[in-house]
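**Q** Kindly return the folded structure for what I paste below:
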Amino acid sequence: MGILRFSNKIALTIISSIFTIACIKAQEKIIDQIVAVVGNDVVLQSEIENQVLQIMSQGYDTDMDLSCEVLEQLLIQKLLIHQAKVDSIEVNALQVETELDNRLNYFINQIGSKKRLEEYYKKSLIEIKEDLRDMIAEQILAETMQNQILGEIKVTPAEVKKFYNKIPKDSLPYIESELEIRQIMLYPPFSDEAIYDVRQRLLELRKRILEGEKFSTLAILYSEDPGTATKGGEMGMIDKDQLVPEFAKAAMKLKINAVSNIVETEFGYHIIQLIDKEDNRINARHILMKPKISTEDRIKSYNKLDSIAQVVRVDSLTFGKAAKIYSDDELSKNNEGLMVNPATHDTKYKLNELNKPDYYAVKDLKIGQISEPYESFDKNGKTVFKIVQIKSKSVPHRANLEDDYNLISQYVQAQKQEDIIREWIEDKQRQAYIQINDKYKTCKFSSSGWIKE
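**A** This next block holds a predicted model:
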């Protein structure tokens, strides 16, 4: 098996039944029958059909019969549950309730509000919760059993080396060039005039809304939030803890359809209209505006960065020390200016993982070179000015032990986990009572022990 093809076929992570609303609804239309029995637990036709629908809706592609794949995952889950009961493993009630709340919040976010969810199912939230409770408890029980089986798996350097030497070299993954980038980032100062101007524009819009114009229309025309402007400024039902504190505090105080005064946050300046509120969740519209950077302030930022770069270039100051002194980015300044990749939480970036301004700034730089000052944006979309330096840049290559030890070590650990789970399943299959409907006995399962003659 090539190193790129590890797929944890024996289900290191059990397929979780985070049903989409459509899948739960579909359950009502399926006539149930028992497909398999593991110990005292059964696999129902509806369980298979619901998960197949869910997986297909996510664009999953496979060469195998999807129903057979899903059935095997469910058989593994039932075997884990069966053994957990034999071993007297119990599920923490608080853990079940917490996971139930998480799932319900997911459903509510999908459909828009608690009220809509209840209307859709023609059930109260308490009744929906009861329908899901046993399923959630079983999943947690299976995961707990699985964690006990796997325990603390450690991989030694000798195992990594042995694995690497066994793998055909053309099966090793191809690693694209990766860069480590230092940055010095400055937020431009906004003049009092620029702040006054944006506040006046928002006050004028607020006045127009109070006089009868539609908030949503003005949001489409004037809001500078690209994520909500096209939706009339509407954010959708969201927990207040997911919002910046100033925004959440102002929105929670509003009555339905009321419009806030100007609210300042790290994103800029807003006016907010409350659409709906349920407990600690709100749906609101907002119009965001940001102060404009004057030409004078832009030139000041460029000049300051240019001066810092010149000092570093003549070796009076290292880039890392300059970042600590001058950079406005709290995350990187105390780490010699090293940028952290939000996708991997590592300091390495592939070129295609950088935003466009950063990409064009670094694509032709050599190690140790410093870019010219340029304009970019931070994680919140705020304008920033930067200089960057390449700390390291790898050459595209096949994975090797010297450069990619951690990556190969992860594959070895995954293989060990897969082997442990496979051996455990084969052992418990011999001990447990297992019966499968004739309809599914032609399935090509990863483990042959499911079919007992």
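
**Q** quick one: low-confidence ranges for the stretch 51-200 of the chain?
**A** Within the stretch 51-200 of the chain, the segments meeting pLDDT under 70 span 61-64.

**Q** Let me fix that, I meant to ask about the stretch 201-350 of the chain.
**A** Along the stretch 201-350 of the chain, no part satisfies pLDDT under 70.

**Q** ok, which stretches of it are helices?
**A** Assigned by DSSP state H, counting those that start in this stretch, the helices in the stretch 201-350 of the chain fall at 215-222, 245-253, 295-313, 319-326, 330-333.

**Q** Nearest to residue 78, out of the ones you listed?
**A** Residue 78 sits nearest to helix 245-253 of all these, at 43.1 Å, using CB to CB. All C-beta atoms are positioned from the backbone trio N, CA, C, and that covers glycine.

**Q** Please name every helix or strand in contact with that closest one.
**A** For helix 245-253, the packing partners by 3 or more CB pairs under 8 Å, 6 or more residues apart in numbering; DSSP states H and E come out as strand 263-265, strand 268-278, strand 281-289.

**Q** Quick check: which of those is buried the most?
**A** strand 281-289 (a mean of 24; mean count of other CB atoms under 10 Å).

**Q** which helices and strands does that one pack with?
**A** Under the contact criterion of 3+ CB pairs under 8 Å, 6+ apart, strand 281-289 touches helix 192-210, helix 215-222, strand 238-239, helix 245-253, strand 268-278.

**Q** So for residue 86, which of the helices and strands packed on helix 245-253 sits nearest?
**A** Relative to residue 86, the nearest member of the helices and strands packed on helix 245-253 by CB to CB is strand 281-289, separated by 41.5 Å.

**Q** Any idea how far that closest one is from the middle of the chain?
**A** Remark: strand 281-289 is offset 23 Å from the chain centroid, using CA atoms, centre = their mean, to the nearest Å.

**Q** and that strand with helix 192-210, angle?
**A** With axes from the mean of the first three to the mean of the last three CA atoms, to 10 degrees defining the directions, strand 281-289 sits at 130 degrees from helix 192-210.

**Q** re the thing from before, compare the helices and strands packed on helix 245-253 and give me the one nearest residue 128.
**A** Judged by CB to CB, the one of the helices and strands packed on helix 245-253 that comes nearest to residue 128 is strand 268-278, at 14.7 Å.

**Q** measure residue 407 to residue 177 for me?
**A** Distance, residue 407 to residue 177, by CB to CB, to the nearest Å: 15 Å.

**Q** first to last residue in stretch 432-449, what's the distance?
**A** End-to-end distance for stretch 432-449, by CA to CA, to the nearest Å: 11 Å.

**Q** still on that earlier bit, nearest to residue 219 among the helices and strands packed on helix 245-253 would be which one?
**A** Checked against CB to CB, the stretch from the helices and strands packed on helix 245-253 lying closest is strand 281-289, at 5.0 Å.

**Q** picking that back up, mind checking the helices and strands packed on strand 281-289 for the one nearest to residue 427?
**A** So among the helices and strands packed on strand 281-289, strand 238-239 is nearest, using CB to CB, at 44.2 Å.

**Q** what packs against the closest one?
**A** Here strand 238-239 touches strand 281-289, going by 3+ CB pairs under 8 Å, 6+ apart.

**Q** Tell me which of the helices and strands packed on strand 281-289 is the most buried.
**A** Burial of those is given as mean neighbour count (mean count of other CB under 10 Å); strand 268-278 ranks first at a mean of 20.

**Q** Going along the chain, name the helices of the stretch 51-200 of the chain.
**A** Ranges of helices in the stretch 51-200 of the chain, per DSSP H, counting those that start in this stretch, are 66-86, 93-111, 114-121, 125-150, 157-166, 192-210.

**Q** Can you give the contact residues for stretch 193-211?
**A** Here stretch 193-211 makes contact (CB atoms under 8 Å, 6 or more residues apart in numbering) with 215, 218, 222, 259, 261-262, 268-271, 273, 287, 289-294.

**Q** Let's see that with 6 Å instead.
**A** Stretch 193-211 is contacted by residues 215, 218, 259, 262, 269, 271, 289, 291, 292 when judged by CB atoms under 6 Å, 6 or more residues apart in numbering.
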